[in-house]
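In: Sequence first, predicted coordinates after that:
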Amino acid sequence: MDFLTEELTYESLGTAPKSPGKTITIYRNGNIKSVIHLKMKEHHDPQDIVKTIMDKFKFKPENKLRLFTSEGLEIYPADMKYLKSDCSIFVSKGENFDKSSTLSEYLIMRKLGEGSFGEVSLAVHKMNKQMVAIKFLKKPATVDAFGLDRFFSEAETLKHLHHKNIVEIINCFTLKDMQVAFVMEYLEGGTLLEYVQNKRRLAEDEARIFFSQIVDAISHCHANKVIHCDLKLENILLKSKDSLDIKIIDFGIAGLKTHFKSDVDGGSLHHMAPEVLSRKKKDLHSGIDIWAMGCILYEMLCGKWAFVGEDKKKMIENICKGKFSFGEYKAELTYEAKHLIMKMLEPDQSKRITMYGILSHPWMNKVKPVNNENARGRLEITSLIKNECG
């Protein structure tokens with residue numbers, strides 16, 4: 001029954017109300033190619049609609065019809081009168097909700113990018129026309145059920161991690177081939193890496209605008225016991241081409257990489273903390289993100305990697321020793337900027353600056369008011385952390 005697109009009207013139900021109604025799109029749970037469009041009027045018999053739906057999807061009388069919203073919330077036939085026009089629901093013949101069914105609500109437009117862990121596509125919601133980015137992670141060679149369950153538990157937490165500088169995760173699910181898909185808000189401003197590369201490097205005042213937003217977002221995460229684990233310029237997007245507002249992406253996906261036992265890419269390696277590379281500390285902690293933030297601030301101000309080497313082995317050695325140089329920008333950068341970077345890139349995790357230390361650092365206190373919410377947000381988080389620390 002592929003591509004069932006017959007439109008149901010009240011003539012087919014044996015009634016013909018005079019008042020205009022609404023259209024509900026109904027997808028077959030677990031089969032994204034089966035869909036019907038149901039025109040509902042204000043007054044109707046729910047059981048008549050149930051019978052029609054079962055007939056159109058060729059369900060047997062002994063099958064138990066179940067209805068779900070796109071979020072997986074089960075509803076009942078009598079609830080359908082409360083649904084808004086042009087919304088979507090899913091129908092099953094007794095089985096539980098299949099989250100991958102929600103992919104049928106989107107039309108894939110084009111590929112936005114591809115990396116070592118998968119690809120990102122631009123998509124549009126068929127009903128409300130909302131543009132989204134869908135990230136498809138490649139099927140892992142090896143994965144255990146515990147790791148996958150833990151990852152989805154983290155993903156559910158991230159869906160509720162609301163912050164103006166964190167990308168919104170609309171949904172997350174696995175497809176039948178174990179491929180993982182994320183539905184996220186679409187940001188069209190490009191990556192912060194591209195922005196820095198186009199300018200070669202940023203002045204301290206401009207870098208501070210971006211960095212204060214990063215600090216806001218990561219402070220919020222740490223307060224909610226979430227560690228990003230894969231902070232880098234590529235994972236920071238501008239909301240639009242004419243805005244300096246940013247959002248951090250790939251939350252939780254870094255954790256999935258760990259569960260799937262995959263190799264890290266080059267960009268991640270340049271931002272990896274010494275204790276992670278040396279495997280001296282295997283548990284996640286806030287210092288991992290703080291180290292990466294030090295690398296990011298260095299890259300914005302100097303326009304190059306903080307840690308280099310003639311080969312990968314030498315680069316890792318330099319990271320573990322915290323060996324880097326400001327080079328030709330040593331005299332140009334302010335003392336406060338260099339001091340903050342050095343405190344974040346302290347190889348001994350126990351001596352590395354804390355998030356409160358960053359927020360109260362003199363370089364951060366030079367933040368100029370900008371035409372967005374972030375100046376106020378930074379003050380709110382500073383106050384929160386001060387209260388928690390006494």
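Out: Arrived safely. Predicted model only: the values in this text are computed from it and were never measured.
In: all contacts plus neighbour counts: C-alpha atoms, from now on.
Out: Noted.
In: Low-confidence bits of the stretch 1-150 of the chain, can you list those?
Out: The model of the stretch 1-150 of the chain has pLDDT under 70 over residues 1-20, 32, 42-44, 115-117, 138-150.
In: For the closest residue in space to L231 that isn't next to it in sequence, give its distance to K135.
Out: With C-alpha to C-alpha, 6 or more residues apart in numbering as the measure, A292 is the residue that lies nearest to L231, at 5.8 Å, once sequence neighbours are left out. Going from A292 to K135 by C-alpha to C-alpha, to the nearest Å gives 23 Å.
In: same thing with K93?
Out: For K93, the distance to K135 (C-alpha to C-alpha) stands at 30 Å.
In: Of these two, which one has the most company?
Out: A side-by-side neighbour count of K93 and K135, using other C-alpha atoms under 10 Å, places K135 first with 24 against 18.
In: wouldn't that one be in contact with A181 here?
Out: Yes - with contact taken as C-alpha atoms under 8 Å, K135 and A181 are classed as touching, separated by 5.5 Å.
In: and A123, that's in a strand?
Out: Yes - assessed with DSSP: H, G, I helix; E, B strand; the rest coil, A123 lies in a strand.
In: ok now do it, which residues does it touch?
Out: Each residue near A123 by C-alpha atoms under 8 Å, 6 or more residues apart in numbering is listed here: Y106, L107, I108, M109, R110, M131, V132, A133, I134.
In: any idea which element the second one lies in?
Out: Spelled out, that is L107. Using DSSP states H and E, the secondary-structure element containing L107 is strand 106-115.
In: Go through that strand and flag the buried ones.
Out: Y106, I108 (16 or more other C-alpha atoms under 10 Å).
In: Grab the CA positions of it and hand them over as CSV.
Out: Coordinates of the C-alpha atoms in strand 106-115 are reproduced here as CSV (Å, rounded to 0.1, in the frame of the first residue of the first chain):
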residue,chain,number,x,y,z
TYR,A,106,9.7,16.3,6.3
LEU,A,107,10.7,16.7,2.6
ILE,A,108,14.5,16.4,2.1
MET,A,109,15.6,19.4,0.0
ARG,A,110,19.4,19.1,-0.4
LYS,A,111,22.6,18.1,1.4
LEU,A,112,24.1,20.8,3.5
GLY,A,113,27.4,19.0,4.4
GLU,A,114,29.1,15.7,5.0
GLY,A,115,31.7,14.6,7.6
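In: who touches that strand?
Out: Everything outside strand 106-115 that qualifies as a contact, by C-alpha under 8 Å, 6+ apart, is E119, V120, S121, L122, A123, V124, H125, K126.
In: Contact partners for the first one?
Out: Same thing as E119. E119 is in contact with K111, L112, G113, K135, F136, L137, K138, counting by C-alpha under 8 Å, 6+ apart.
In: E185 now?
Out: Contact criterion C-alpha under 8 Å, 6+ apart gives M131, V132, A133, V167, E168, I169, I170 as the residues in contact with E185.
In: let's see 6 Å
Out: Applying C-alpha atoms under 6 Å, 6 or more residues apart in numbering, we find E185 in contact with V132, A133, E168.
In: Show me what it bridges to in the sheet.
Out: With DSSP bridges applied, E185 shows beta-bridge pairing to V132.
In: and L202, how many neighbours?
Out: Counted with other C-alpha under 10 Å, the neighbours of L202 add up to 19.
In: Just to check, it is in contact with L301?
Out: Yes - with contacts defined as C-alpha atoms under 6 Å, L202 counts as touching L301 at a distance of 5.3 Å.
In: Which stretches in the chain count as helices?
Out: In order along the chain, the chain carries the following helices (DSSP state H): 46-56, 145-159, 192-199, 204-223, 253-259, 266-269, 274-277, 286-302, 312-321, 335-344, 355-359, 374-389.
In: Name the stretch among these that sits most buried.
Out: With neighbours defined as mean count of other C-alpha atoms under 10 Å, the helices of the chain peak in mean count at helix 286-302, which reaches a mean of 24.
In: tell me the pLDDT at N371?
Out: The model reports N371 with a pLDDT of 49.
In: And the one 10 residues further on, by the same measure?
Out: The predicted structure scores I381 at 42 on the pLDDT scale.
In: for I341, same thing?
Out: 98.
In: go on, Q213?
Out: Reading off the model, Q213 has pLDDT 97.
In: ok, it - contacts?
Out: For Q213, no residue counts as a contact, taking C-alpha under 6 Å, 6+ apart as the criterion.
In: Could you measure from it over to V183?
Out: 23 Å.
In: again with Y82
Out: In this structure, Y82 lies at 26 Å from V183, with C-alpha to C-alpha as the measure.
In: which one of these two has more residues nearby?
Out: In terms of neighbours (other C-alpha under 10 Å), V183 is the more surrounded of Y82 and V183; the figures are 23 against 8.
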